[in-house]
Structure formats: structure tokens, C-alpha cells
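A.B. asks: Here you go, sequence then predicted model.
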2 protein chains.
Amino acid sequence: MNIGEVAKAAGISTKMIRHYESVGLLPPACRTAAGYRQYGLADIRTLQFIRRSRDLGFSIDEIRNLLSLWQNRDRTSREVKALAKEHLDELEKKLQELLAMKKALQHLVSCCQGNHRPDCPILEELAGDSNHLSMTGLSLSP
Amino acid sequence: MNIGEVAKAAGISTKMIRHYESVGLLPPACRTAAGYRQYGLADIRTLQFIRRSRDLGFSIDEIRNLLSLWQNRDRTSREVKALAKEHLDELEKKLQELLAMKKALQHLVSCCQGNHRPDCPILEELAGDSNHLSMTGLSLSP
DNA sequence: CGTTGACCTTCCCTCCATGGGAATCTTCAG
DNA sequence: CTGAAGATTCCCATGGAGGGAAGGTCAACG
């Protein structure tokens, strides 16, 4: 199979397949005499594994580890779980950061009248004239 | 004031201050005869505005707009609120994506025994052998 | 056989926000 | 005068994706 075919089958662009090969996620593909990459069913399975891992937010490095565990029959599920747990913690951390941003911004937006007048608590807060948040505990510069 | 001084005062690295100037967030600073950038109190205020905006996740482009509204006395709070609301929606979207990842991964992690044996529902799901999620509605490839 | 169009190759550039580091110059205190 | 701290510019890297150019290959159709 040519690269375009596996790309469709795995739901990954040809660009990214070449990229994954270049960073060592995929072993270098066999080539035809003309230099075309050749793939088999196993490669599709690997690429789908990669895509699903990306869908869960794993980084290239983490996927490298996941792949090697997947292909290693002597792995223990403990190792896999540890890797997943670590990523889960990263996700949770980002989630909390986003949540904090969202809450603060939500508060500001709700305070803003959104009318024709120029005075705006959002700009005031960004400018540091923060009296209006001082009693909400939502101050940005604690 | 030299760049290092404002950097400390505003809580932004000198690198980023130069960068912000290069992308037009900050007007080009005046220079001494030797070429050193010179800043005043207004610049610190602007930089703090930028930092607080970044803390809320606004992009450079969005901050450019916020700054011009801030400095424009003919603005309406409606414009500011619209900008903030738009960003809030982006935040919400990312939040939902992260949440979906987290939930799916959390489920997988909770299914994994994490012991010395090699069989692991996490790897099975990533590999596409998904029977165990089929009844939870958490399938990754719907 | 020739042409055409779809596909493949490599190479370089872009995004976004941030930082590292080198080479060189300026300023200030001792 | 010397040395350290701080400035300057310039190039490079990150991560995960994509754009696009210049050129080679393959298959089908007339």
C-alpha cells in the first residue's frame, strides 16, 4: 500500500505519517524501487494506535512509550497504568488552569454592562484598577 | 528605565518585552544614544495589562484589540464584552475537549488492574480492540 | 506510444508563545 | 582601568500540524 491509502485507512494525513516516521514513532517504511513508501496492515494498526493516543492527548514521547509497551509482551499493566495516570494528572492540571481562567473571565464578563458607554470592568481589571474583584476572591494578582 | 527594570516591575521577561515590541503590541521604545530602550511608567502599565490578559489566555491578536479598546476613549463596553465573550467561548470549547479526554482516560485507567500481568484495557482500547467500552458510551471512535 | 492527471518524493516555510545562547557593546562601581 | 552586570541583535528550538514548490512515478485512456 502507498502512503495515501494507509493515510485514509488510519485517518492520519500523509504529512503526519512522514513526520511520525521522521521522529521515530514509526519504523522507516520499506520503499519501492522508485522510493515510494510501502505499508501493510500492521502499519495501519500502528497508525490507528497513534491516532487514538493523540485523541487522548498523549504527546509524541508518551506515545513512543505506549507503543513500546504495546509491542512488548513482557510489559506489566502496572507500567501502562502509571503512564496513563501521569498523563491524566497533566490533563487535570491543564483543566484546572483553564477552569481558573474561565471562572475569572466569566465573572468579568458578567460584571460588564455591554452597552454604549466606555466604562468597563473587564478593561479596569486588566489595567489593574481592581476594586470590583477585591471582595470576590477572584483577583488575578493575589 | 532600562528594559530589565520594567521587566521586573511588570513581571515579564526582557525577551518577551522585545518580542511584544517586534509584533506591534508595544510601540517601539525610545532609545538612548547607545541604543538602549527607555521606558516610563505608562509602559509598565501597558505591560501589566498585557500580562494580565495573557494570564486570562488571550492571544497576542486579541490583546492587540483589547489594548486598542483600552486606549480608545470612544470605545463601548459592548465591544469589550463581545471580545471577552468570544474568548470565553474558546476557553469553554478547549475545556470540553480536555474534559472529554480526561473522562475517557479516567475510565480506562480505572479499568486497568495495574498489576504484574501484561493484559491491559488501556492498550486494548488504543489498539482498537474495544469491547469493554462498547457499553459505556465512551468509545473513542464513534 | 504519448499525454494527462493523480500520486509520490524531499525540502523549506509558517503558525504561537516562549526561551536559550552567542557575539558584541555600554554602563557603572571599585 | 578593569570587571561585572546589563543591553543589543541574531539565530535556533520547542510541538504538532499544515502549505506549497519542484520534481519523479504510475496508470489509464486515446
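C.D. replies: Everything's here; your move.
A.B. asks: Looking at chain A, which residue is nearest DNA strand C?
C.D. replies: A:Gly4 (2.7 Å; CB to the nearest atom of the strand). In this view, the C-beta of every residue, glycine as well, is placed from N, C-alpha and C.
A.B. asks: give me the element that residue is part of.
C.D. replies: Using DSSP states H and E, A:Gly4 maps to helix A:3-10.
A.B. asks: Any idea which residue is closest to the centre of chain A?
C.D. replies: A:Gly57 (3.7 Å; CA atoms, centre = their mean).
A.B. asks: helix/strand/coil for that one?
C.D. replies: coil (DSSP: H, G, I helix; E, B strand; the rest coil).
A.B. asks: Please enumerate the helices of chain A.
C.D. replies: A:3-10, A:14-22, A:41-55, A:60-70, A:77-111, A:121-127 (DSSP state H).
A.B. asks: Chain B is nearest to which of these?
C.D. replies: helix A:77-111 (3.8 Å; CB to the nearest CB).
A.B. asks: farthest residue from the center of chain A?
C.D. replies: Of all residues in chain A (CA atoms, centre = their mean), A:Arg117 lies farthest out, 40.4 Å.
A.B. asks: Do I have it right that that one meets B:Arg75?
C.D. replies: No - counting by CB atoms under 8 Å, A:Arg117 stays clear of B:Arg75, with 9.4 Å between them.
A.B. asks: burial measure for the residue of chain A closest to DNA strand C, as a count.
C.D. replies: Other residues near A:Gly4 number 12, with proximity taken as other CB atoms under 10 Å in any protein chain shown.
A.B. asks: With adjacent residues omitted, what lies nearest to it?
C.D. replies: Nearest-residue entry for A:Gly4: A:Thr14, 5.9 Å, with adjacent residues in sequence omitted and distances by CB to CB, 6 or more residues apart in numbering or on different chains.
A.B. asks: How many residues are close by that neighbour?
C.D. replies: A:Thr14, neighbours per other CB under 10 Å, totals 15.
A.B. asks: quick one: it from A:Ile3, how far?
C.D. replies: 5 Å (CB to CB, to the nearest Å).
A.B. asks: Show me the common contact partners of those two, please.
C.D. replies: With CB atoms under 8 Å, 6 or more residues apart in numbering or on different chains applied, the contact sets of A:Thr14 and A:Ile3 do not overlap.
A.B. asks: so where's chain A shaky on pLDDT?
C.D. replies: A:130-142 (pLDDT under 70).
A.B. asks: Write out the residues of chain A neighbouring DNA strand D.
C.D. replies: Residues of chain A lying close to DNA strand D by CB under 7 Å from any atom of the strand are A:13, A:15-16, A:19, A:32-36, A:54, A:59-61.
A.B. asks: now those: which count as buried?
C.D. replies: A:16, A:54 (16 or more other CB atoms under 10 Å in any protein chain shown).
A.B. asks: what two of the residues of chain A next to DNA strand D are the furthest from one another?
C.D. replies: With distances taken as CB to CB, the most widely separated pair in the residues of chain A next to DNA strand D is A:Ala33 and A:Ser59, at 36.3 Å.
A.B. asks: ok, A:Leu67 - contacts?
C.D. replies: A:25, A:46, A:49-50.
A.B. asks: contacting residues for A:Arg31?
C.D. replies: Contact analysis of A:Arg31 by CB under 8 Å, 6+ apart lists A:37-38.
A.B. asks: ok, so what distance separates it from A:Ala7?
C.D. replies: In terms of CB to CB, A:Arg31 sits 17 Å off from A:Ala7.
A.B. asks: number of nearby residues for A:Val6?
C.D. replies: By other CB under 10 Å, 23 other residues sit near A:Val6.
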